[in-house]
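# this one's sequence-less:
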């Protein structure tokens with residue numbers, strides 16, 4: 001890549017809207033990879049994830065005995081060749097464009113080192129309650145629509161057995177993003193999923209901060225019927241109250257740092273009031 005080229009990494013926690021923004025980038029003419037993952041049961045419009053990048057991230061996670069659900073007080077062990085592999089991937093991309101993968105949020109220092117002056121970051125975030133509800137819905141549907149025993153679908157069952165893992169996952173990734181944005185604000189664009197849709201003109205106006213064409217953030221693929229808005233209070237009651245308080249604090253921090261914060265979001269009240277609001 002030339003010194004004037006830009007490479008855009010789009011990431012954020014799973015079910016936060018990264019696919020929606022990556023679709024917009026792709027439809028604007030930006031190359032998002034050569035081996036893009038297509039649609040699936042849980043993502044009808046397509047993941048827009050380049051398979052070599054997904055495979056690379058999954059390989060590191062598997063070597064650590066984990067997967068996309070990673071959240072731990074211990075840091076991931078990352079081999080020295082990881083940064084070299086990312087650098088080679090970027091250099092092999094003939095067209096200036098970008099790539100999207102939620103897993104990349106776990107490897108931000110390596111992407112920064114590999115991309116150098118050329119790389120820019122697009123972070124998408126969404127309120128934790130909407131995210132966990134969306135994941136519950138997806139993995140609940142997996143049980144309903146696939147003719148397999150519950151015991152054979154341990155990954156789907158795990159979230160119901162240990163629901164607090166979901167909040168911990170969201171917080172872990174969000175804290176990594178917050179730390180990175182604070183350290184490299186000029187290279188980062190942090191936008192809420194909600195207002196990428198509700199205030200799309202403002203989203204496009206933010207693009208120039210990182211040298212991204214405005215049309216790359218023009219929302220073309222949004223389908224209101226696919227947007228998870230309802231939060232079921234009965235499921236919120238599965239979560240530890242301390243985890244809810246901590247997640248609310250993390251979300252407030254995201255809002256304070258965002259280039260495009262969400263104007264409307266679930267009220268950040270005490271947990272009992274928060275649950276009661278959705279019951280009423």
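Structure's in. What do you need? Just so you know, these numbers come straight off a predicted model, no measurement behind them. Residues are numbered from 1 along each chain as shown.
# hey, where'd the strands end up in the stretch 1-150 of the chain?
Here the stretch 1-150 of the chain has its strands, by DSSP state E, counting those that start in this stretch, at 7-11, 98-100, 119-125.
# and those strands: which comes nearest residue 83?
Across the strands of the stretch 1-150 of the chain, the minimum distance to residue 83, taken as CB to CB, is reached by strand 119-125, at 12.0 Å. Quick note: C-beta positions are derived from backbone N, CA and C, even for glycine.
# paired strands for that closest one, with orientation please.
Paired neighbours of strand 119-125 in the sheet (DSSP bridges): strand 7-11 (parallel), strand 188-192 (parallel).
# and of those, who's closest to residue 62?
strand 7-11 (19.2 Å).
# for stretch 192-205, what does the pLDDT average out to?
The average pLDDT for stretch 192-205 rounds to 93.
# just stretch 7-24 next, same as before
pLDDT averaged over stretch 7-24 gives 94.
# now do the end-to-end distance for it.
Using CA to CA, to the nearest Å, one end of stretch 7-24 lies 16 Å from the other.
# distance between that stretch and the chain's centre?
With CA atoms, centre = their mean, to the nearest Å as the basis, stretch 7-24 stands 6 Å off its chain's centre.
# in it, what counts as buried?
For stretch 7-24, a neighbour-count test (16 or more other CB atoms under 10 Å) marks 7-24 as buried.
# out of the residues you listed, which are inside helices?
Residues of the buried residues of stretch 7-24 located in helices (DSSP state H): 18, 19, 20, 21, 22, 23, 24.
# for residue 127, which of the strands paired with strand 119-125 is the nearest?
Short answer: strand 188-192, nearest of the strands paired with strand 119-125 by CB to CB, at 8.3 Å.
# show me where the stretch 1-150 of the chain dips below the pLDDT cut-off.
1-4, 38-46, 94-96, 138-150 (pLDDT under 70).
# now do the helices in it.
In the stretch 1-150 of the chain, the segments counted as helices under DSSP state H, counting those that start in this stretch are 18-27, 51-63, 81-92, 108-115, 128-145.
# now these as TSV including distance to residue 178?
Shown next, in TSV, are the helices of the stretch 1-150 of the chain (distance: least, CB to CB, whole Å):
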stretch	distance to residue 178
helix 18-27	17
helix 51-63	20
helix 81-92	22
helix 108-115	11
helix 128-145	13
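# tell me which of those sits most buried.
helix 18-27 (a mean of 24; mean count of other CB atoms under 10 Å).
# and that helix, how far out from the chain's middle?
12 Å.
# okay, the angle between it and strand 7-11?
150 degrees (axes from the mean of the first three to the mean of the last three CA atoms, to 10 degrees).
# quick one: list the elements packing against helix 18-27.
strand 7-11, strand 98-100, strand 119-125, helix 193-198 (3 or more CB pairs under 8 Å, 6 or more residues apart in numbering; DSSP states H and E).
# can you say which of the ones you listed is nearest to residue 170?
strand 119-125 (9.4 Å).
# sorry, back to before: make JSON lines from the strands of the stretch 1-150 of the chain and add distance to residue 80 to it.
Output for the strands of the stretch 1-150 of the chain, formatted as JSON lines (distance: least, CB to CB, whole Å):
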{"stretch": "strand 7-11", "distance to residue 80": "21"}
{"stretch": "strand 98-100", "distance to residue 80": "22"}
{"stretch": "strand 119-125", "distance to residue 80": "19"}
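# quick one, what contacts the residue lying closest to residue 35 once chain neighbours are set aside?
Using CB to CB, 6 or more residues apart in numbering and skipping residues adjacent in sequence, the residue nearest residue 35 is residue 51, 4.1 Å away. By CB atoms under 8 Å, 6 or more residues apart in numbering, the residues touching residue 51 are 33, 35, 36, 37.
# can you tell me which residues contact residue 261?
192, 195, 254, 255.
# quick one: which of these is the most crowded by neighbours?
residue 192 (29 neighbours; other CB atoms under 10 Å).
# bridged to that residue, which residues?
Under DSSP bridges, the beta-bridge partners of residue 192 are residue 125.
# would you format the contacts of residue 261 as JSON lines with distance to residue 112 included?
Shown next, in JSON lines, are the contacts of residue 261 (distance: CB to CB, whole Å):
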{"residue": "192", "distance to residue 112": "23"}
{"residue": "195", "distance to residue 112": "26"}
{"residue": "254", "distance to residue 112": "20"}
{"residue": "255", "distance to residue 112": "24"}
